[in-house]
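A.B. asks: predicted structure and sequence below. I'll ask about it afterward.
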Amino acid sequence: MTSNTNTYRSSSAASLKGCCCCIVLLFSFLALLSLAIILIIVLAIKPKKPQFDLQQVTVQYINFVSTPTNTFDPLSNTESISLVLQMLFTVKNDNIAGIKYRDSSFTIMYRGVPLGRGVVPGFYQDAHSVKHVKTTINVDRVNLLQSDADDLVKDVSVNDRVELRVLGDVNAKIRIIGITSPSVQVSLDCSIVISPSKQSLVSKQCGFDGLQV
């Protein structure tokens, strides 16, 4: 009787183990099938990279503060800058499917020095559409080297021409018939010139790193 019971338990355990293996294999097959379908759809629609074009830059606030670093040397100062910029991007989707964007961050730099960062919240964009999005970059008393500070003060007060660089990554996924593609990433790199007195963009030159799927 005991032998029969042990045999029954062993048989049940083997059946259960076999059933679990079948379930794992089934889910693995379904995952691979889903991935294959997504890849086929991605290749079929030939996704194009989303176009993030920096359309406008507005200088909302700019201020310099000079702080003495040595009370015995009045010429020994540390310059800090406070700045508020608003950037307007035009986003163009030339795909036959909609695009879902995740949060995208943009860093603004002066002579290689990071000044501040702005974030464009995630959003969805319909196929063959153009959308305008804004981000505000707040620079709160960023300390600069004396040479960079002198150059920036001269650019603002004398030349009325400040050259900046805007760097950022745009992350998105293409959605079609309820299926989401793998991530699409585009890197944005813009060299811009702003006029502090006019509080506007003078010129820009933007480049995009290629599509990555």
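C.D. replies: Received, thanks.
A.B. asks: switch to C-alpha atoms for all contacts and neighbour counts from now on
C.D. replies: OK.
A.B. asks: tell me where the model's unsure across the chain.
C.D. replies: 1-18, 35-47, 66-78, 176-182, 208-213 (pLDDT under 70).
A.B. asks: quick one: the strands in it?
C.D. replies: Assigned by DSSP state E, the strands in the chain fall at 51-68, 77-93, 98-101, 104-110, 113-120, 123-125, 129-144, 162-176, 179-195, 200-208.
A.B. asks: with distance to Cys21 and mean neighbour count added, can I get those in a markdown table?
C.D. replies: Shown next, in a markdown table, are the strands of the chain (distance: least, Cα to Cα, whole Å; neighbours: other Cα atoms under 10 Å):
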| stretch | distance to Cys21 | mean neighbour count |
| --- | --- | --- |
| strand 51-68 | 46 | 16 |
| strand 77-93 | 44 | 18 |
| strand 98-101 | 36 | 20 |
| strand 104-110 | 42 | 18 |
| strand 113-120 | 45 | 18 |
| strand 123-125 | 40 | 15 |
| strand 129-144 | 47 | 16 |
| strand 162-176 | 33 | 20 |
| strand 179-195 | 28 | 18 |
| strand 200-208 | 47 | 15 |
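A.B. asks: go through these and name the closest to Val24.
C.D. replies: strand 179-195 (22.9 Å; Cα to Cα).
A.B. asks: rewinding a little: for the strands of the chain, which one sits closest to Ala31?
C.D. replies: Among the strands of the chain, strand 179-195 comes nearest to Ala31, with 13.2 Å by Cα to Cα.
A.B. asks: re earlier: format the strands of the chain as TSV; extra columns: distance to Val156.
C.D. replies: TSV is the format used below for the strands of the chain (distance: least, Cα to Cα, whole Å):
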stretch	distance to Val156
strand 51-68	9
strand 77-93	11
strand 98-101	35
strand 104-110	12
strand 113-120	15
strand 123-125	35
strand 129-144	15
strand 162-176	6
strand 179-195	8
strand 200-208	13
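A.B. asks: which stretch among these approaches Ser28 most closely?
C.D. replies: strand 179-195 (18.1 Å).
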